[in-house]
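Participant: Next come a sequence and a model predicted from it.
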Amino acid sequence: MPKQLKHRWRKDQLIVLGVLCIIYIAFTAIFNWIIGLVGIILLAVIFYWVLRNDAAYKKDLEAYISTLSHRLKKVGDEALLQMPIGIILYDNDHNIEWMNPYMVSLTGGESFLGNSLNLVSEALIPIIKGDSEEEVIKIQKRRYCVTFRREERLLYFSDVTELTDIEARYNNEQSVFAIIYLDNYDEVTQGMEDQVKSNINNDITAMIKDWGADYGIYLKRFSSDKFFAVLNQQILKELEKSRFSILDNVRELTTQSHVPLTLSIGIGSNMHSLTELGQLAQSALDLALGRGGDQVAIKEPHGRVKFFGGKSNPVEKRTRVRARVISHALSELVSESDQVIIMGHKQPDMDSIGSCIGIMKIAKANDRKASIVLDPENYGTGVIRLIEEIRNKDELWNKFISPEEAIDRITARTLVVVVDTSKPSMVMEPKLLSKSERIVVIDHHRRGEEFISDPILVYMEPYASSASELITELLEYQPKTLSLDLIEATSMLAGITVDTKSFTFRTGSRTFDAASYLRSHGADTVLVQKLLREDLKQYKRRAKLIKNSEIYNDSIAIGMGEQDEKYDQVLIAQAADILLSMDGIRASFVIALRLDGKVSISARSLGEINVQLIMESLGGGGHLTNAATQFEDISLEEAKEKLQSTINEYIEGGEEES
């Protein structure tokens, strides 16, 4: 503001001053009329000067405002037309009404007036219809941050190409750690001739080194079966695009040499701390090995773990030595505890109950009281006959307790043993996990991202047929005084029989050894067959599931239940098994409503399609050939659409990536 406008008296102040002067003159005139007359003349002069000055002030103010408005308009026009910010006005139909000259230059000199915003970028209209206030879009090889003013139907475009390039470069150059592990290396090479072992070692090392050199990866071998690798996010993206072809290359090389040797890789990324990055890589490797090896696990601090590979059936790696070590470690933990509480998964099957009974016998062999958690309202028809047989044995039935009773009994020294699952959300009573610091996990499923936290002992062997098989081996290394009665041995044999589909799936030499051990301790194969019988009504319901099936993608069978009919989980799984036995079927999926109201999908394959990866993408899990998942608050048709979409993604991704 000009100086002449800053120090003007306010009009109200002059009026007050004038009133005071009149009062003073009137008071003075009483005593001397001459002085009063002079005062009146002076007052008139002052008022004249004030009025003239006020008029001049108004004139100067109007001139200043006029000049300021002109300058502001000029600056606004300059900003609107010349500043390097694109501006677009659009109408209700998303057609361009006006754009400033800078925006015209961004679009290659085309104004597109009256045309759709799609001509500028096809991303604009969908974003406008959303809730975002700012988005980055690409226009002619450059990136712009678009600010939306929906009420005014106005768009601002700021060039952020250099900024996003710097950000992308920063992200791409972030360090990534990886640990490469040669699965089963020590066991495979043990007893080999030095020359053969040296040749295999040289071939695999050369292949891994060449692979690292091709992608610019720093590799360092720090043990006979492990490499440490340093790379960055850009290289990791390239490896993901190739779906880690090194896995297939090593598998092909070792297959030619008739050596069952594969690779597992654990990768840690998106972490600034190098220490934590290394911990992520080790954790990812543990996860990959827990799922059977021959795969890559990529782990980030937050977000879902990504898996690649895992196409082959896991090679049997466990040895009698490992089983003996685990058995002795479990005995020590049991002996140090005041009691043992055992639980399997919700909706338990034969394997879950049989393996619980096996752990109970281990506790008894070590003179500790054991209880099995079982919810009478939470088991399916597949185990009803087994439960009825157990009820006839008072001494055995008294070992079964409800979840509520287990919570009341648990103490600080109680050992909680979880069998046939490793997911906290799947156990019979999740509250027991938070109340105990002494937890043991024994499972034969591949380890998933969801896992029981901080167990003191983990025995996970994903190549084993069943949890009952694993626990039977542990029983063999317990004190010789241990004995099994008929129903105990039979329940464990029934668990193995169910999970192997009567010894036809996932069966190895150790499976038959375990079955032989149980048979020698009184397991009744005839009773097993009686336990596995089903009534005619269930058979017809299963046949109806199979009847309502269709072939998807030429070789995948998808069965559907009725929307208003509920099915037992075992029956759903049996339907998937039967569909898989049909000619030309590579994988089968059965979708139906469970007894608990959830929508269940049971998946089966012969190994060509990894149904575990498909089910994991839908929030479930399992094995390469046997997996499942459940949904809540969803219809069967919606579940089918999700399944088909996931199958498409799996096939388009080369049937490898999760």
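Facilitator: Great, that's in hand. Quantities reported herein were computed from a predicted structural model and do not represent experimental measurements.
Participant: can you list the weak-confidence ranges in the stretch 301-450 of the chain?
Facilitator: 303, 310-320, 378-382 (pLDDT under 70).
Participant: which stretches of it form strands?
Facilitator: 306-309, 340-343, 370-373, 400-401, 415-419, 439-443 (DSSP state E, counting those that start in this stretch).
Participant: for the last one, the distance to its chain's centre please.
Facilitator: So the one you mean is strand 439-443. With Cα atoms, centre = their mean, to the nearest Å as the basis, strand 439-443 stands 23 Å off its chain's centre.
Participant: what's it packed up against?
Facilitator: Here strand 439-443 touches strand 415-419, strand 457-460, helix 467-476, going by 3 or more Cβ pairs under 8 Å, 6 or more residues apart in numbering; DSSP states H and E. Using the backbone N, CA and C atoms, a C-beta is placed for each residue, glycine as well.
Participant: before we move on, what about the first one?
Facilitator: Applying 3+ Cβ pairs under 8 Å, 6+ apart, we find strand 306-309 packed against strand 295-299.
Participant: looking at the strands of the stretch 301-450 of the chain, which is closest to Thr107?
Facilitator: If you check each of the strands of the stretch 301-450 of the chain against Thr107 by Cβ to Cβ, strand 306-309 wins as the nearest, at 38.6 Å.
Participant: sorry, back to before: I'd like the strands of the stretch 301-450 of the chain as TSV, with distance to Ile407 appended.
Facilitator: Output for those, formatted as TSV (distance: least, Cβ to Cβ, whole Å):
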stretch	distance to Ile407
strand 306-309	35
strand 340-343	10
strand 370-373	9
strand 400-401	10
strand 415-419	11
strand 439-443	15
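Participant: Which one, of the ones you listed, ends up nearest to Ile647?
Facilitator: Among the strands of the stretch 301-450 of the chain, the nearest to Ile647 by Cβ to Cβ is strand 306-309 (16.6 Å).
Participant: so how far is stretch 284-292 off the chain centroid?
Facilitator: Averaging C-alpha positions (Cα atoms, centre = their mean) puts stretch 284-292 16 Å from its chain's average.
Participant: hmm, who's touching that stretch?
Facilitator: For stretch 284-292, contacts defined as Cβ atoms under 8 Å, 6 or more residues apart in numbering pick out 179, 181, 183, 264-268, 295-299, 305, 307, 310, 313-314, 446-449, 460, 462-463, 624.
Participant: any weak-confidence spans in the protein?
Facilitator: Counting by pLDDT under 70, the ranges of the chain that qualify are 1-31, 33-40, 43, 61-82, 303, 310-320, 378-382, 480-481, 653-658.
Participant: And it, what are its domain boundaries?
Facilitator: Listed domain ranges for the chain are 3-81, 86-165, 173-309, 320-531, 541-652 (source: automatic domain parsing).
Participant: If you drop the residues flanking it in sequence, what lies closest to the most centrally placed residue in the chain?
Facilitator: Per Cα atoms, centre = their mean, the C-alpha nearest to the average position across the chain is that of Arg304, at 2.9 Å. Among residues not flanking Arg304 along the chain, Glu449 sits closest, at 6.6 Å (Cβ to Cβ, 6 or more residues apart in numbering).
Participant: ok, Ala467 to Phe589 distance?
Facilitator: The gap separating Ala467 from Phe589 is 24 Å, by Cβ to Cβ, to the nearest Å.
Participant: that older thread, so the residue nearest to the centre of the chain touches Gly448, yeah?
Facilitator: No - taking contacts as Cβ atoms under 8 Å, Arg304 lies outside contact range of Gly448: 10.7 Å.
Participant: Distance of the residue nearest to Arg304 relative to Ala297?
Facilitator: For Glu449, the distance to Ala297 equals 9 Å [Cβ to Cβ].
Participant: which residues are common contacts for these two?
Facilitator: Residues touching both Glu449 and Ala297 (Cβ under 8 Å, 6+ apart) are Leu287, Val305.
Participant: Give me the more crowded residue out of those two.
Facilitator: Ala297 (28 against 15; other Cβ atoms under 10 Å).
Participant: Okay, and the beta partners of the more buried one?
Facilitator: Gly266, Phe307 (DSSP bridges).
Participant: Identify the residues contacting it.
Facilitator: Ala297 neighbours (Cβ under 8 Å, 6+ apart): Ile265, Gly266, Ile267, Ala284, Leu285, Leu287, Ala288, Arg291, Val305, Lys306, Phe307.
Participant: circling back to that earlier point, take the helices and strands packed on strand 439-443 and lay them out in TSV including mean neighbour count and distance to Arg52.
Facilitator: Output for the helices and strands packed on strand 439-443, formatted as TSV (neighbours: other Cβ atoms under 10 Å; distance: least, Cβ to Cβ, whole Å):
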stretch	mean neighbour count	distance to Arg52
strand 415-419	29	99
strand 457-460	20	99
helix 467-476	26	106
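Participant: Identify the residues contacting Val120.
Facilitator: Under the criterion of Cβ under 8 Å, 6+ apart, the contact list for Val120 reads Ile88, Ile96, Thr107, Phe112, Ile139.
Participant: Same question for Val45.
Facilitator: Applying Cβ under 8 Å, 6+ apart, no residues contact Val45.
Participant: hang on, it in a strand?
Facilitator: No - judged by DSSP: H, G, I helix; E, B strand; the rest coil, Val45 forms no part of a strand; its state is helix.
Participant: And it, how far from Arg52?
Facilitator: From Val45 to Arg52 the distance is 11 Å (Cβ to Cβ).
Participant: swap in Asp408?
Facilitator: Applying Cβ to Cβ, the value for Asp408 to Arg52 is 99 Å.
Participant: doesn't Gly495 make contact with Asp351?
Facilitator: Yes - using Cβ under 8 Å, Asp351 is in contact with Gly495, at 3.6 Å.
Participant: higher neighbour count, those two?
Facilitator: Set side by side, Asp351 and Gly495 show more neighbours around Gly495, with 34 against 29, by other Cβ under 10 Å.
Participant: That one: what secondary structure?
Facilitator: Strictly by three-state DSSP, Gly495 counts as helix.
Participant: what's the spacing between it and Ile634?
Facilitator: With Cβ to Cβ as the criterion, Gly495 and Ile634 are 31 Å apart.
Participant: now swap in Ile85 and tell me
Facilitator: Distance from Ile85 to Ile634, by Cβ to Cβ: 46 Å.
Participant: Tell me which of those two has more neighbours.
Facilitator: Relative neighbour count places Ile85 above the other of Ile85 and Ile634, with 16 against 13, counting by other Cβ under 10 Å.
Participant: can you pull the contacts of that one?
Facilitator: Per Cβ under 8 Å, 6+ apart, neighbours of Ile85: Asn100, Tyr102, Tyr156, Phe157, Ser158.
Participant: circling back: hmm, the residue nearest to Arg304 is touching Lys306, no?
Facilitator: No - with contacts counted by Cβ under 8 Å, Glu449 stays clear of Lys306, the gap being 9.9 Å.
Participant: all strands of the stretch 501-650 of the chain, in order?
Facilitator: Counting by DSSP E, counting those that start in this stretch, the stretch 501-650 of the chain has strands at residues 549-552, 556-560, 566-567, 587-594, 599-605, 621-622, 626-631.
Participant: Alright, that wraps it up for me.
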